[in-house]
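# Got a sequence here, can you model it:
(one chain, ligands or ions: 2)
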Amino acid sequence: MAAERDEERDGHRALGPGTAGGSRRSAPFAPGQGVKENARRRLREFDVRDRFSRLPLPKAAVLLPLMVREGRLHLLLTVRSMQLRRSPGQVCFPGGKSEASDKDEIDTALREAKEEVGLQPEKVEVICRLVPGIDKMNHLVTPVVGFIEDAFQATPNPDEVSEVFFVPLEYFIKPLKYKALSYKTSSGSLTLMHCFIYYDQEHKKSFKIWGLTAHFAVFLALVIFGERPTFEVDYDLDNLISSSENYFINLYASIYERKKSNL
Ligand SMILES: CCCCCCCCCCCCCC(=O)SCCNC(=O)CCNC(=O)[C@H](O)C(C)(C)COP(=O)(O)OP(=O)(O)OC[C@H]1O[C@@H](n2cnc3c(N)ncnc32)[C@H](O)[C@@H]1OP(=O)(O)O
Ligand SMILES: [Mg+2]
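Residues are numbered from 1 along each chain as shown. Ligands and ions are numbered 1, 2, ... in the order given. This next block holds a predicted model:
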């Protein structure tokens, strides 16, 4: 159960005991708590826990770090260093491949977030794992959602991350600049790929958010806001849980079939 998992991970809940579905809420209601509480409630309904963990694909995990700024949820994103062999310069979430010492996807996401942006694991309130995605190298990529402190200051590791920026979560259902691209998966089937252009006032520049990263950000916004986006998505929004799982299962099956036929 998600609640049991939270109890197991008390160490990751430094953002305030009694706020995460707990019973001790005697402290005054801090700004943003209503927004967070609503998000927690929605996210827990979508927690897949370890249901997809045993699929026979190499594993990776990303952290979808949420924070409240001026009363609105924001997501932390990174730009990958130009020195990296894979996807240099692309926008992605902190994350990476699983290592043997990781107990689960949550461990992977927290370890990678610490390495890449200096986020201490005990400063993350882990909420849930969402339906995984599959990247172009056929890694099973699990998104782990967590709240981080609103005033978090990233210390990017320049070997892996060149920039860190924040986007209001709402942008991923009501973007100003968006286009839909068609993407051929490794199994040859076509899928919709979202591409957002976000102008960041802080950096005075635009960032392009697309591919798997955009896929996770859109799903997170759909889960939390429960609203129809201003663009088309591949899900039945009236049955988001089952349609997102079916979407993944179909993708996985097409990749699995292709792997078998190549043997
Ligand atoms: C349901 C399904 C899905 C649907 C999809 C619909 C849309 C379809 C879209 C699908 C399109 C899919 C395609 C698109 O979306 S392309 C579109 C935009 N890009 C993205 O969305 C990014 C997606 N990818 C990722 O998020 C990451 O690549 C993942 C999480 C998958 C893996 O994580 P990552 O790649 O970050 O792994 P890492 O952090 O372990 O390691 C990174 C590298 O860094 C090296 N390193 C480590 N430490 C150090 C150090 N100190 N000093 C120097 N170097 C160091 C290390 O050796 C490694 O090197 P190498 O081994 O790679 O060479
Ligand atoms: Mg990484």
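
# so what's the residue lying closest to residue 180 once chain neighbours are set aside bridging to?
What sits nearest to residue 180 in space, not counting adjacent residues and going by Cβ to Cβ, 6 or more residues apart in numbering, is residue 192, at 5.7 Å. (Glycine included, C-beta is placed from N, CA and C.) Counting by DSSP bridges, residue 192 is bridged to residue 182.

# pretty sure residue 192 contacts residue 229?
No. Using Cβ atoms under 8 Å, residue 192 makes no contact with residue 229, being 11.9 Å away.

# The two: who's more crowded?
More crowded of residue 192 and residue 229, by other Cβ atoms under 10 Å: residue 229, with 18 against 13.

# Isn't the more buried one up against residue 218?
Yes. The pair residue 229 / residue 218 is scored as a contact, 7.0 Å apart, by Cβ under 8 Å.

# any common contacting residues for these two?
Common neighbours of residue 229 and residue 218 (criterion: Cβ atoms under 8 Å, 6 or more residues apart in numbering): 172-173.

# Okay, helices next: where are they in the stretch 1-150 of the chain?
2-8, 33-45, 105-117 (DSSP state H, counting those that start in this stretch).

# quick one: which of those helices is nearest ligand 1?
Among the helices of the stretch 1-150 of the chain, helix 105-117 comes nearest to ligand 1, with 5.5 Å by Cβ to the nearest ligand atom.

# for the closest one, packing partners?
strand 59-69, strand 72-80, strand 95-97, strand 125-129, strand 140-147, strand 161-168 (3 or more Cβ pairs under 8 Å, 6 or more residues apart in numbering; DSSP states H and E).

# is that helix up against ligand 1 anywhere?
Yes. Counting by Cβ under 6 Å from any ligand atom, ligand 1 has neighbours in helix 105-117: residue 112.

# and that helix, what's its mean pLDDT?
Per-residue pLDDT over helix 105-117 has a mean of 98.

# now stretch 198-214
97.

# how long is it end to end?
End-to-end distance for stretch 198-214: 12 Å, by Cα to Cα, to the nearest Å.

# check whether that stretch contacts ligand 1.
Yes. With Cβ under 6 Å from any ligand atom as the criterion, ligand 1 is reached by stretch 198-214 at 210-213.

# What residues sit buried inside that stretch?
198, 207-214 (16 or more other Cβ atoms under 10 Å).

# Select, from these, the two members most distant in space.
Maximum pairwise distance among the buried residues of stretch 198-214 (Cβ to Cβ): 16.6 Å, between 198 and 212.

# Residue numbers of the stretch 51-200 of the chain in contact with ligand 1?
Proximity of the stretch 51-200 of the chain to ligand 1 (Cβ under 6 Å from any ligand atom) is limited to residues 60, 62, 84-87, 90, 92, 95-97, 112, 133-136, 139, 141, 159-160, 183, 191, 193.

# What's the ChimeraX line that selects buried ones from those residues?
Selection of buried members from those for ChimeraX, criterion 16+ other Cβ under 10 Å:
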select :60,62,90,92,95,96,112,133,134,135,139,141,160,183,193
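
# sorry, back to before: of the helices and strands packed on helix 105-117, which is nearest residue 258?
With Cβ to Cβ as the yardstick, what comes closest out of the helices and strands packed on helix 105-117 is strand 140-147 (15.3 Å).

# For residue 48, list the residues it contacts.
Residue 48 sits in contact with 128-132, 245, where contact means Cβ under 8 Å, 6+ apart.
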